[in-house]
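Asks: Below: sequence and its predicted model.
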Amino acid sequence: MQKSQDELMNEFSVFMERFSAQSDALELAYKALEMQSEQLKKMQEEVNQSRVLSALGEMAATVAHEIGNPLGGIGGYASLLARGIPPEDPKRKYVDKIIGGISSLNKIVGNLLAYTKKTHLQKQKTDLVAWAEAILAHAEIEIEKEKKKVSLERDFPAEFLNAEIDGERLQQVMLNLLINGIQAIEVEGKISVSIRSNENFAEITVADTGKGIKPENLKNIFTPFFTTKEQGTGLGLAIVKKIVDLHEGEILVESIPGKGTKFCLKIPI
Ligand SMILES: Nc1ncnc2c1ncn2[C@@H]1O[C@H](COP(=O)(O)OP(=O)(O)OP(=O)(O)O)[C@@H](O)[C@H]1O
Ligand SMILES: [Mg+2]
């Protein structure tokens with residue numbers, strides 16, 4: 001039996017509806033594919049960039065290591081020279097300048113090595129209170145060196161507080177935060193350090209009453225080589241971030257220009 005024209009038209013319109021639905025689905029699938037390909041391209045670019053960075057890091061580590069050895073020798077001999085020259089001798093000024101320059105170079109080399117070196121954590125059961133007290137003793141020496149009036153306040157648990165951490169690496173973190181705090185204070189101020197914990201993580205805060213960080217700089221402070229200081233390497237906080245990441249921890253910062261800055265570390269224990 002032959003189909004009527006109406007029937008044919010009906011079938012045709014059902015077919016067209018299906019065709020158009022499928023064509024919509026195809027278009028969606030195509031868009032999704034396009035997005036995935038875009039994402040893949042981005043990932044490929046990121047992989048390439050991190051390859052370049054890691055090659056650069058390795059090169060920096062090798063150069064820093066090679067420079068470190070002769071630098072140690074030069075520093076040693078310069079100190080020996082200084083010992084033989086009385087302070088009133090005009091030559092002494094030059095030798096002291098050489099020693100100052102070497103100490104700046106040592107800082108750059110040390111920071112480059114700390115940032116680029118492949119680090120494996122050596123975690124050990126550590127009493128955070130005793131650990132922090134030892135670090136604050138180092139900070140007191142820094143305060144004296146900088147000739148500033150900075151008081152160190154503590155808010156620590158009354159007794160010990162045990163945590164499984166790499167105390168040496170985290171000491172580097174704390175010292176970098178404390179030294180930044182001291183440097184941010186012009187003449188007189190306060191740095192408060194607190195330690196708290198729950199069963200999952202320890203929370204350590206370092207807050208200073210220094211000059212604060214401009215809002216536009218806040219997003220850059222953990223980027224390697226970002227510095228606003230004449231003598232800075234800009235690696236201090238990059239090292240901090242690296243060590244905190246290795247602990248699978250977190251670091252947060254709040255800052256009010258003219259009032260101060262507070263860093264909060266969360267370390268799983
Ligand atoms: N507590 C702080 N108060 C004010 N600014 C800070 C503070 N901590 C960090 N910053 C800002 O972040 C920048 C980066 O800090 P980072 O420690 O990485 O490098 P740096 O201190 O400049 O150099 P280096 O650590 O080598 O001495 C600093 O130059 C400063 O502008
Ligand atoms: Mg610093």
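Replies: The structure has been received and is ready for your questions. Residues are numbered from 1 along each chain as shown. Ligands and ions are numbered 1, 2, ... in the order given.
Asks: If Gly189 is in a bridge, with which residues?
Replies: Beta-bridge partners for Gly189, by DSSP bridges, are Val150.
Asks: measure it to Leu252 for me?
Replies: Noted for Gly189: a distance of 21 Å to Leu252, by Cβ to Cβ, to the nearest Å. Using the backbone N, CA and C atoms, a C-beta is placed for each residue, glycine as well.
Asks: So the two - more neighbours on which side?
Replies: Neighbour totals were compared for Gly189 and Leu252, and Gly189 leads with 18 against 11 (other Cβ atoms under 10 Å).
Asks: what residues are up against the more buried one?
Replies: Lys148, Lys149, Val150, Ser151, Asp208, Thr209, Gly210, Gly260 (Cβ atoms under 8 Å, 6 or more residues apart in numbering).
Asks: Distance of the last one relative to Gln231?
Replies: According to Cβ to Cβ, Gly260 stands 22 Å off from Gln231.
Asks: higher neighbour count, these two?
Replies: Taking neighbours as other Cβ under 10 Å, Gly260 and Gln231 compare with Gly260 leading, 22 against 9.
Asks: Count the residues that sit near the residue nearest to that one when sequence neighbours are not counted.
Replies: Leaving aside its sequence neighbours, Gly260 sits nearest to Thr209 (Cβ to Cβ, 6 or more residues apart in numbering; 4.4 Å). Neighbourhood size, Thr209 [other Cβ under 10 Å]: 19.
Asks: Show the contacting residues for Thr209.
Replies: Here Thr209 is in contact with Ile185, Gly189, Lys190, Ile191, Lys259, Gly260 (criterion: Cβ under 8 Å, 6+ apart).
Asks: which one of those sits closest to Trp131?
Replies: Ile191 (16.9 Å; Cβ to Cβ).
Asks: Report the buried residues of stretch 240-258.
Replies: Residues of stretch 240-258 classed as buried: Val240, Lys241, Lys242, Ile243, Val244, His247, Gly249, Ile251, Ser255 (neighbour count, 16 or more other Cβ atoms under 10 Å).
Asks: Show the average pLDDT along the helix or strand where the first one lies.
Replies: Pointing back at Val240 there. Using DSSP states H and E, Val240 sits within helix 236-246. Mean pLDDT, computed over helix 236-246, is 94.
Asks: Output the contacting helices and strands for that helix.
Replies: Applying 3 or more Cβ pairs under 8 Å, 6 or more residues apart in numbering; DSSP states H and E, one finds that helix 236-246 contacts helix 90-116, helix 167-184, strand 250-256.
Asks: who touches it?
Replies: By Cβ under 8 Å, 6+ apart, helix 236-246 touches 111, 114-115, 119, 121, 166, 169-170, 172-173, 176-177, 179-180, 221-225, 250-251, 265, 267.
Asks: Keep only these that also lie close to ligand 2.
Replies: Asn180 (Cβ under 5 Å from the ion).
Asks: Going through the contacts of helix 236-246, which ones are buried?
Replies: Buried members of those, scored by 16+ other Cβ under 10 Å, are 111, 114-115, 166, 169-170, 172-173, 176-177, 179-180, 221-222, 224, 251, 265, 267.
Asks: What about ligand 1: which of the residues you listed touch it?
Replies: With Cβ under 6 Å from any ligand atom as the criterion, the buried ones among the contacts of helix 236-246 include Asn111, Asn176, Asn180, Ile221 near ligand 1.
Asks: mind checking pLDDT for the second one?
Replies: So that's Asn176. pLDDT at Asn176 comes out at 97.
Asks: Do a quick rundown of the strands in this structure.
Replies: For the chain, the strands defined by DSSP state E cover 124-127, 149-155, 162-165, 188-197, 201-208, 250-256, 260-268.
Asks: before we move on, the earlier item: which ChimeraX command selects the buried ones in the contacts of Gly189?
Replies: Per 16+ other Cβ under 10 Å, the buried members of the contacts of Gly189 correspond to this ChimeraX selection:
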select :150,208,209,210,260
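Asks: In the contacts of Gly189, find the pair that's most separated.
Replies: Longest span within these, Cβ to Cβ: Lys149 and Gly260, 15.5 Å.
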